[in-house]
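Visitor: need coordinates for the following:
(one chain, ligands or ions: 2)
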Amino acid sequence: MNLKGRHLLTLLDFSSEEIQYLIHLSRQLKKEKKEGISHQHLRDLNVVLLFQKDSTRTRCAFEVGAMDLGMGVTYIGPSGSQMGKKESIKDTARVLGRMYDGIQFRGYLHADVEMLAEYAGVPVWNGLTDQFHPTQILADLMTIEEHFGHLKGIQLTYYGDARNNMGNSLMIGCAKMGMHFVACAPQSLWPNAELIKKCQGIAKETGATLTFTEDPKKGSRNADVIYTDVWVSMGEPKEVWQSRIHELHPYQVNREIMSHAKSNAIFMHCLPAFHGIDTEIGAQIAAEFGSSYPSVSKGELEVTDDVIESMQSVVFQEAENRMHTIKAVMLATLSDIRG
Ligand code: CP
Ligand code: NVA
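Guide: Residues are numbered from 1 along each chain as shown. Ligands and ions are numbered 1, 2, ... in the order given. Sure thing, here's the model as predicted:
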């Protein structure tokens, strides 16, 4: 297996074997890092990280991952560059592709990351678009494998906005790896029919299953993994909070939902998560909507504090694994390393 020169725009770009290889490589890099074994395999290379949206995990994972591999890194944030304002994505791609060996992009339109990939001439990695978040899914799959020892046959139930980047990408990841994906949300927030059809085709080959339900109790039955994400994603106007809370408050992951899952089920969240009033937005939402929706009065939105802080929660291991998996993606796509 040699992934040199490949882009990572969605996990649809990779076969099940290639995904398994990336997870294996991530686990090897994690072990080496813990043992203090240096792996500066990409000295003399440079990568650029383009962010149209904010980030903690993805940015830091790319920066630390690149530095651990011996690379130079440039961060370009939502302001301060010409991209998208005075210069098109296509021109930006052709400029940066001549200076850097790889490009990470986080932004709004998936078409923008596709455009970068088409014109950069170097590997492009999608660090999140409105539609997909593939590097997150690699970390999630790695975390599940570390916990259960395998991926095939694991049931992952996703609560919340299942047609956002996380819902779409988890569905693809589960389909690729022969897992059982359950989306638990109002039907208006299920992934689009075309993507479901594509994933059903993949599932036929891998033994995965895809289920869609509006019933919060049914959704967690037999689940090994309960997963949720924010109810309002970056780039959505703040006006959608009201309707989203109305639609999704029955899907809040709380002790009751967890109690219907398997007794050894784990809780996952890509983070950041709203589980209290210790964030600006969490406090605002609690103050504005708490009296109408008691479940959100303490700033606990998609997940309650007792669940995210429980022994079943693996969210910080999952966050750490962002770095190991992103490092593996950069190493595999920028070098001749073979699995
Ligand atoms: N999960 C994730 O992508 O986090 P950031 O927005 O902090 O990068
Ligand atoms: N759906 C979220 C994911 C954050 C990592 C967002 O796009 O804001």
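
Visitor: what residues does this structure have near ligand 2?
Guide: 128, 164-166, 229-230, 233-234, 270 (Cβ under 6 Å from any ligand atom). The C-beta positions use only the backbone N, C-alpha and C, and glycine is treated the same way.

Visitor: and ligand 1, which of these reach it?
Guide: Within those, those near ligand 1 by Cβ under 6 Å from any ligand atom are 128, 270.

Visitor: a markdown table for the residues of the chain next to ligand 2, including neighbour count, distance to residue 210 and pLDDT?
Guide: Formatted as a markdown table, these follow (neighbours: other Cβ atoms under 10 Å; distance: Cβ to Cβ, whole Å; pLDDT from 0 to 100):
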| residue | neighbour count | distance to residue 210 | pLDDT |
| --- | --- | --- | --- |
| 128 | 27 | 23 | 98 |
| 164 | 22 | 17 | 98 |
| 165 | 25 | 17 | 98 |
| 166 | 25 | 15 | 98 |
| 229 | 25 | 18 | 98 |
| 230 | 23 | 23 | 98 |
| 233 | 17 | 22 | 98 |
| 234 | 16 | 26 | 98 |
| 270 | 25 | 20 | 98 |
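
Visitor: looking at the residues of the chain next to ligand 2, which is nearest ligand 1?
Guide: Nearest to ligand 1 among these: residue 270, at 3.9 Å, using Cβ to the nearest ligand atom.

Visitor: got the phi and psi for residue 107?
Guide: phi -160, psi -160 (degrees, to the nearest 10).

Visitor: coming back round to it: filter the residues of the chain next to ligand 2 down to the ones in helices?
Guide: 165-166 (DSSP state H).

Visitor: this structure: helices as residue ranges?
Guide: For the chain, the helices defined by DSSP H occupy 16-34, 57-68, 89-99, 110-120, 134-148, 165-176, 193-206, 216-220, 240-248, 255-260, 280-289, 305-308, 315-334.

Visitor: residues from this structure in reach of ligand 1?
Guide: Taking Cβ under 6 Å from any ligand atom as the criterion, the chain approaches ligand 1 at residues 55-58, 128, 136, 270-271.

Visitor: show me where the stretch 1-150 of the chain dips below the pLDDT cut-off.
Guide: Applying pLDDT under 70 to the stretch 1-150 of the chain flags no residue at all.

Visitor: just give the closest residue to residue 200, not the sequence neighbours.
Guide: Nearest residue to residue 200 in three dimensions, chain neighbours excluded: residue 210, at 6.1 Å (Cβ to Cβ, 6 or more residues apart in numbering).

Visitor: doesn't residue 229 make contact with residue 160?
Guide: Yes. The pair residue 160 and residue 229 qualifies as a contact (Cβ atoms under 8 Å) at a distance of 5.3 Å.

Visitor: so what sits against both of those two?
Guide: 166-167, 302 (Cβ atoms under 8 Å, 6 or more residues apart in numbering).

Visitor: of all those, which comes closest to ligand 2?
Guide: residue 166 (4.9 Å).

Visitor: mind listing what the nearest residue to residue 151 once chain neighbours are set aside touches?
Guide: Of all residues not flanking residue 151 in the chain, residue 177 sits nearest, at 4.4 Å (Cβ to Cβ, 6+ apart). Applying Cβ under 8 Å, 6+ apart to residue 177 gives the contacts 16, 19-20, 141, 151-152, 206, 208.

Visitor: is there a quick ChimeraX command that grabs whichever of the residues you listed are buried?
Guide: Buried members of the contacts of residue 177, defined by 16 or more other Cβ atoms under 10 Å, are picked up in ChimeraX with:
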select :16,19,20,141,151,208
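
Visitor: farthest-separated two in the contacts of residue 177?
Guide: 20 and 208 (13.9 Å; Cβ to Cβ).

Visitor: re earlier: now the helices of the chain in JSON lines, with distance to residue 40?
Guide: Shown next, in JSON lines, are those (distance: least, Cβ to Cβ, whole Å):
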{"stretch": "helix 16-34", "distance to residue 40": "11"}
{"stretch": "helix 57-68", "distance to residue 40": "7"}
{"stretch": "helix 89-99", "distance to residue 40": "21"}
{"stretch": "helix 110-120", "distance to residue 40": "24"}
{"stretch": "helix 134-148", "distance to residue 40": "21"}
{"stretch": "helix 165-176", "distance to residue 40": "30"}
{"stretch": "helix 193-206", "distance to residue 40": "36"}
{"stretch": "helix 216-220", "distance to residue 40": "44"}
{"stretch": "helix 240-248", "distance to residue 40": "45"}
{"stretch": "helix 255-260", "distance to residue 40": "42"}
{"stretch": "helix 280-289", "distance to residue 40": "39"}
{"stretch": "helix 305-308", "distance to residue 40": "36"}
{"stretch": "helix 315-334", "distance to residue 40": "11"}
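
Visitor: so which of those helices is the most surrounded?
Guide: helix 165-176 (a mean of 27; mean count of other Cβ atoms under 10 Å).

Visitor: now do that helix: which elements does it pack against?
Guide: helix 16-34, helix 134-148, strand 155-159, strand 180-184, helix 193-206, strand 209-213 (3 or more Cβ pairs under 8 Å, 6 or more residues apart in numbering; DSSP states H and E).
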